[in-house]
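Colleague: Below are the sequence and a predicted model; questions follow.
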Amino acid sequence: MHLTHMVWLAVALPVAGFLVNGALALWRPQAKTAVSVVGAGVLLAAFVVALGVFAGLSNDPSQAPVIVRLWSWLPVGRLKVDFAFQVDQLAAVMLLIVTGVSSLIHLFSIGYMREDPGYARYFSYLNLFVVFMLVLVLGSNFPVLFIGWEGVGLCSYLLIGFWFSDKVNADAGKKAFIMNRIGDFGFLVATFFIWRAFGNLDFAYVSEHAATTLAPGGAVVTAITLFLFLGCTGKSAQIPLYTWLPDAMAGPTPVSALIHAATMVTAGVYLVARTNVLFAMAPVSSAVVAGIGAVTALFAATIGLRQYDIKKVLAYSTVSQLGYMFLGAGTGAYASGIFHLATHAFFKALLFLGSGNVIHAMHQAYHATHSHEDAQDMRNMGGLRQYTPVTFWLMLIATLAIAGIPPFAGFFSKDEILAAAFARGADAPVYYVFYGMGVLAALLTAFYMARLMAMTFFGENRTGERERAHLHEAPWIMTGPLVVLGVLSVIGGAINLPPFIGGHAALEHWLEPVLEPGLRFSHLAMPTGSAEYVLVGAAVAIGVIGLWLGFRVTLGRSIPVARAAPPDRGFARVLSRKYYVDELYDALVVRPLVWLSRVVLWRGVDQRVVDGAAVNGAAVVSRLAGGGLRLLQTGQVGVYVVLFLVGAVWILRAVMR
């Protein structure tokens, strides 16, 4: 059997982990060693399978995708949908990213969640999350992908609200679940349009016949892609459906790393790349994708400037970086978007797990001294590099990567996206505006990441005199995965080194068989020669300036602890309150819906119409009828005989007529 046909095993292994750990959660929750071995072991085994699939695809000279059909799922008339996996170059890249980064996060979770009473339940959910993400990236058609699409939404609800006894956490899980349903409506509508146009829902069929079935720039392909992108805005947290992602920080930190780095939020970017030919044939939709991406990248970066929760800073950073990926996809540089997806998985997982080490150290110190300070507020930290030196150096690597400093991974992927946006401006000048937004977002990214590092690791320590003695580095099971991610954050750019520094753009060439249908319509000509060097130099300068300003501004003033900090004022307050978008949604959407539900539907329809007219009304009629008939039941035999005789006479009279 060809190695690529073993891809089902990469999904089956975490399914087994979910079932075993789910059973242990019900009957043997104290068996934490078994839970750890199963939970992390199945992911490591799945990563080995992914390596085998990648090797098999690399050795196969055929460029055609391999379809692994498991069973016939929906054979209904003309609609024939198989539950099948598609193994091609794009799926192989996503398979490696999902299983590889998820394996490291599972290992980190062993140390981070060890004392949690829901340990087995946590690993069961975590395994299931990876299962659905793998179904999403491997599905050979839209319905199978949609199973994974909905599955990661379900698992996000379970994991974000993992500590459900806290109302804030439970509400965050519900918010993520409900907001994603808005985007999922768009996905379903697009699927119906695709079936109507093609009579087939397989990715291979749609890609092959798109050019002959749809008119480039036509209303149908534009509608399909806009509805698909509505689904992407929900799943990948773009404007206006982004507010659920920062609240998702209510879950355990490894969950944040998994959602932000290797699963769920990258699903939208993957979907655009998977359906690249449709977006390439719809220039209006592509401009919308690029525009929303650019605006989101800049908007989220401004919010990150004034957050104090270390995980919230990283959350808005993720929203911003996802905007970069959509900017790349919207310009037609689909490979650049996937490239940034890959490098972002490395350095963002490192940043989140590094913040997990910091939170772990702070929590241990506060717990030892019975303090109730916020362990995630950066104003309570400071000077931690001398207590957690390994975490400091690794997070510094990730900071340089996300700021776009060479030779770290983020520099190469972000530079490609900005260069593509600039190049597309020659055809459509609005892309120059998008490029400018991307550059400004890069400056702000470097600034807020320098602020995070300065407040957390530099300056004087603000944890407290007693707490300081209990600060220490995390155990090896937590720092080990960070070291691997640190190496990937340094060398990850090598997978797609550009020609101007002697590279061969390996990832771009690898993805060509999948992206070629879209590239035939996009006609993107990347800058070359002196223009390329100018753009690269500008990108590096922006990153360096942002880091310098961030460190200088943050360390140039005293930082009070959270409880003594004065409230933000002016525009700083607007940023810290996230432009009041949540409050706006609450006023325009949540409260009117609550009023409609309680006043109109409950009191008006349910109580008055359903209960009053239907249920209670039927009861009143029955009671009155029964009361009338009761008068005939006197209990006197004479009355019954008289009524019997009257009835008999009436019947005889009627018969004799």
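Modeller: Looks like it came in fine. Numbering: from 1, shown residues only.
Colleague: can you map out the helices along the stretch 501-650 of the chain?
Modeller: With DSSP state H, counting those that start in this stretch as the criterion, the stretch 501-650 of the chain has helices at 506-522, 529-555, 570-576, 581-585, 591-595, 617-630, 637-656.
Colleague: any idea which of those is most buried?
Modeller: Burial of the helices of the stretch 501-650 of the chain is given as mean neighbour count (mean count of other CB atoms under 10 Å); helix 506-522 ranks first at a mean of 19. For every residue, glycine as well, the C-beta is placed using N, CA and C.
Colleague: what's next to it, contact-wise?
Modeller: Here helix 506-522 makes contact (CB atoms under 8 Å, 6 or more residues apart in numbering) with 63, 65, 88-90, 93, 207-208, 210-211, 216, 273-274, 276-277, 279-281, 286, 332, 334-336, 338-339, 342, 495-497.
Colleague: Among the residues you listed, which ones are in helices?
Modeller: 89-90, 93, 207-208, 210-211, 273-274, 276-277, 279-280, 286, 334-336, 338-339, 342 (DSSP state H).
Colleague: related to what we said a few turns ago, quick one: closest of the helices of the stretch 501-650 of the chain to Ile310.
Modeller: Among these, the nearest to Ile310 by CB to CB is helix 529-555 (13.6 Å).
Colleague: gap between that closest one and the chain center?
Modeller: Its chain's C-alpha centre and that of helix 529-555 lie 29 Å apart, by CA atoms, centre = their mean, to the nearest Å.
Colleague: next one: stretch 323-337
Modeller: Between the centre of stretch 323-337 and the centre of its chain there are 17 Å (CA atoms, centre = their mean).
Colleague: what does stretch 522-535 give?
Modeller: 32 Å.
Colleague: Quote the end-to-end distance of it.
Modeller: Start-to-end span of stretch 522-535 (CA to CA, to the nearest Å) is 21 Å.
Colleague: ok, now stretch 244-258?
Modeller: In stretch 244-258, first residue to last residue: 15 Å (CA to CA).
Colleague: tell me which residues in that stretch are buried?
Modeller: 244-258 (16 or more other CB atoms under 10 Å).
Colleague: any chance of the helices of the stretch 501-650 of the chain in a markdown table, with distance to Tyr448 and mean pLDDT too?
Modeller: A markdown table is the format used below for the helices of the stretch 501-650 of the chain (distance: least, CB to CB, whole Å; pLDDT from 0 to 100):
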| stretch | distance to Tyr448 | mean pLDDT |
| --- | --- | --- |
| helix 506-522 | 28 | 89 |
| helix 529-555 | 7 | 92 |
| helix 570-576 | 10 | 91 |
| helix 581-585 | 18 | 91 |
| helix 591-595 | 32 | 88 |
| helix 617-630 | 62 | 76 |
| helix 637-656 | 92 | 81 |
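Colleague: Turn those into a markdown table, columns for distance to Asp166.
Modeller: Shown next, in a markdown table, are these (distance: least, CB to CB, whole Å):
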| stretch | distance to Asp166 |
| --- | --- |
| helix 506-522 | 42 |
| helix 529-555 | 31 |
| helix 570-576 | 22 |
| helix 581-585 | 18 |
| helix 591-595 | 22 |
| helix 617-630 | 43 |
| helix 637-656 | 70 |
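Colleague: Any quick PyMOL command for the buried ones out of the contacts of helix 506-522?
Modeller: Buried residues within the contacts of helix 506-522, by 16+ other CB under 10 Å, are selected in PyMOL with:
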select buried, resi 65+88+89+90+93+207+210+273+274+276+277+279+280+281+286+332+334+335+336+338+339+342+495+496+497
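Colleague: rewinding a little: ok, which of the helices of the stretch 501-650 of the chain comes nearest Leu384?
Modeller: Nearest of these (CB to CB): helix 529-555, 14.2 Å.
Colleague: in which helix or strand would I find Pro75?
Modeller: Using DSSP states H and E, Pro75 falls within strand 66-76.
Colleague: from the chain's centre, how far out does that strand sit?
Modeller: In terms of CA atoms, centre = their mean, the centre of strand 66-76 is found 27 Å from the chain centre.
Colleague: Same check on stretch 280-300?
Modeller: Taking mean C-alpha positions (CA atoms, centre = their mean), stretch 280-300 and its chain are 18 Å apart.
Colleague: in it, what's buried?
Modeller: Neighbour-count burial for stretch 280-300, counted by 16+ other CB under 10 Å, picks out 280-283, 285-300.
Colleague: Pick out the most distant pair among the buried residues of stretch 244-258.
Modeller: Longest distance between any two of the buried residues of stretch 244-258 is 18.7 Å, between Trp244 and Pro254; criterion CB to CB.
Colleague: residues in contact with the residue positioned nearest the centre of the chain?
Modeller: Residue closest to the average C-alpha location in the chain (CA atoms, centre = their mean): Val265, at 2.3 Å. Applying CB under 8 Å, 6+ apart, one finds that Val265 lies in contact with 235-237, 245, 259, 318, 322.
Colleague: run the last query once more with 10 Å
Modeller: By CB atoms under 10 Å, 6 or more residues apart in numbering, Val265 lies in contact with 152, 156, 235-238, 242, 245, 248, 259, 318-319, 321-322, 325, 341, 344, 348.
Colleague: Equivalent analysis for Tyr205, please.
Modeller: Contacts of Tyr205 (CB under 10 Å, 6+ apart): 140-141, 194, 198-199, 213.
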